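A predicted structure for the sequence below; I have some questions about it.
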Amino acid sequence: MKNKWELLYNPFTKIAGWKAFAIGAIVVCATVLLGYYHHAYFTGLQMKMVSCHLSLWQCFLTQVTGLLSIIVLMYVVSLFFVRGVRLLDIAGTVLLSRVPYLFVALLVFCFDPMLQSIHEKLQGNLSVEAFIEPIGTFGYFLLLLFAMLMLLLLVWYIALLYHAFRVSTGIKGRKTGILLTGIIILTEIIAFVLLIPWFKITNNI
């Protein structure tokens with residue numbers, strides 16, 4: 001039973017290399033497609049909703065930019081600490097670690113009518129009344145549920161990313177978490193700098 005639970009946050013001892021890369025690529029493509037149909041795109045840790053309908057290639061661009069940034073940073077950083085690290089191992093485990101975001105995309109699909117209703121009614125009207133009116137009591141419960149599920153999926157993703165970095169590079173100890181934190185921050189900065197000229201971001205979730 002313990003081994004089965006471990007697969008949820010560290011499947012990389014069982015799945016690695018080309019197998020992890022192939023499964024991860026399928027997951028990423030499915031995530032992008034689901035996000036595309038609901039005006040959402042993914043960069044690094046973030047999921048954003050935008051005012052305009054992005055083209056499919058733009059949705060892939062945002063996803064690929066964040067993934068390439070974190071893969072390259074992981075690889076470059078690992079070269080200073082260990083030898084014999086394979087770029088394929090890092091790429092495969094990083095792609096596979098995006099599984100939680102497939103569930104994020106499914107959540108957006110399920111909650112899309114409510115999110116779109118709130119977004120449309122709040123445009124140009126940021127008053128408290130405008131926020132309360134389209135939601136209602138049950139709507140608040142759904143919104144809270146949505147936020148809690150999103151948080152759990154984010155924690156799951158970070159756990160997967162931590163083990164992906166540790167297993168694929170062989171870096172051990174406290175520095176694993178410290179280095180990964182720095183890599184995540186740099187990835188967010190790089191993705192923001194590269195993508196902000198392309199898209200006008202109106203709302204973050």
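The structure has been received and is ready for your questions.

nearest residue to G182 other than its sequence neighbours?
Excluding the flanking residues, the one nearest G182 by C-beta to C-beta, 6 or more residues apart in numbering is V77, at 7.9 Å. For every residue, glycine as well, the C-beta is placed using N, CA and C.

what's the pLDDT at that neighbour?
For V77, the model assigns a pLDDT of 93.

and it, how far is that from G170?
The gap separating V77 from G170 is 12 Å, by C-beta to C-beta, to the nearest Å.

do the same with H39
41 Å.

same check, this time on Y162
Using C-beta to C-beta, Y162 is found at 14 Å from G170.

more neighbours, those two?
Higher neighbour count among Y162 and G170: Y162, with 18 against 15, using other C-beta atoms under 10 Å.

host element of F42?
Using DSSP states H and E, F42 sits in strand 40-43.

residues of that strand that come out buried?
40-43 (16 or more other C-beta atoms under 10 Å).

longest helix anywhere in this protein?
helix 136-169 (DSSP state H).

just checking, what packs against that helix?
Under the contact criterion of 3 or more C-beta pairs under 8 Å, 6 or more residues apart in numbering; DSSP states H and E, helix 136-169 touches helix 2-9, helix 56-79, helix 87-96, helix 99-122, helix 174-195.
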